[in-house]
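*Asks:* 3D, please:
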Amino acid sequence: EGWAQVGEVVETEIDAPVPGLDVYQTMALFENRAFLDEMSALAMADIAAPLSTFFVARVNFVGPLRGVALPDIVETQVTPLVKDRLREQGVRDLGERRTVDADGVRNVDELYAIDGSFHVERQTMRDYPLPNGKTTDVHVDAATVDMRLLYGLWAPRNGETYVAGGAFPTSGYRSASDPVSVTGDEDTGVTVTAEISLPLARPDHRAELLSLVDAVGDSG
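*Replies:* Prediction:
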């Protein structure tokens with residue numbers, strides 16, 4: 001509940017590591033629309049890019065799997081595709097993959113994390129209240145938020161496997177506008193500066209994401 005699909009389902013053929021094996025990935029990306037709407041209301045702005053995402057990728061294997069190391073395929077073929085899709089949504093500076101404790105996730109074979117950052121574009125705050133009782137639209141500078149990509153991996157069953165996870169913020173968002181004139185004279189008049197401070201980092205981000213990952217394990 002509160003999640004909405006972003007863009008179209010994307011199917012990609014993956015370079016197979018062994019002769020006679022064809023590998024295909026189908027991926028869907030979702031955003032936490034409820035969280036985005038809540039933060040947009042607090043910011044008095046329309047934040048356009050997803051702040052919290054979830055993806056599901058199905059990987060189909062056509063041919064023999066003997067001698068195939070699935071984690072290697074995910075690292076060299078699947079993970080870059082996931083990173084590219086997230087970069088389209090504003091995620092950047094993604095680091096190296098590391099294994100993390102799968103505590104709280106029943107139905108996953110491996111759990112990985114990658115830290116990075118999320119770029120929030122310059123925002124327009126609507127109807128910002130001024131000290132003189134009037135309101136105006138003000139432009140708030142772009143800012144960068146720390147984030148984490150967390151995803152689970154399952155061993156192949158019946159010629160297919162799943163990779164599922166998402167990205168969520170691990171720091172708050174703070175930004176400010178240029179001085180806004182209250183009197184209409186920016187050189188000699190009274191000015192104010194609008195500030196945004198959003199509590200993006202929440203303990204329930206990780207738990208909610210892992211519950212979605214667990215659900216993929218149940219269905220798979």
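
*Asks:* Show me where the chain dips below the pLDDT cut-off.
*Replies:* Counting by pLDDT under 70, the chain has low-confidence residues at 1, 67-68, 70-71, 103-104, 106, 184-189, 218-220.

*Asks:* tell me which strands and helices the lengthiest helix in the chain is in contact with?
*Replies:* Of all the segments assigned as helix in the chain under DSSP state H, the longest by residue count is helix 203-219. Counting contacts by 3 or more CB pairs under 8 Å, 6 or more residues apart in numbering; DSSP states H and E, helix 203-219 is packed against strand 53-62, strand 143-153, strand 160-169. Yep, even glycine has a C-beta here, placed from its N, CA and C like the rest.

*Asks:* from those, which stretch is densest packed?
*Replies:* Using mean count of other CB atoms under 10 Å, the stretch among those with the greatest mean number of neighbours is strand 160-169 (a mean of 24).

*Asks:* how far off helix 203-219 does that strand point, in degrees?
*Replies:* 170 degrees (axes from the mean of the first three to the mean of the last three CA atoms, to 10 degrees).

*Asks:* after strand 160-169 comes which helix or strand?
*Replies:* Following strand 160-169 in sequence order, the next helix or strand is strand 173-176 (DSSP states H and E).

*Asks:* Run through who's touching the helix or strand that that following strand is followed by.
*Replies:* Moving toward the C-terminus from strand 173-176, the next helix or strand (DSSP H and E) is strand 180-181. The list of residues contacting strand 180-181 from outside it, by CB atoms under 8 Å, 6 or more residues apart in numbering, reads 128, 130, 136, 138, 189, 190, 191, 192, 193, 194.

*Asks:* if we can go back for a sec, got a markdown table for the helices and strands packed on helix 203-219, with distance to residue 88 too?
*Replies:* Putting the helices and strands packed on helix 203-219 into a markdown table (distance: least, CB to CB, whole Å) gives the following:
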| stretch | distance to residue 88 |
| --- | --- |
| strand 53-62 | 11 |
| strand 143-153 | 14 |
| strand 160-169 | 12 |
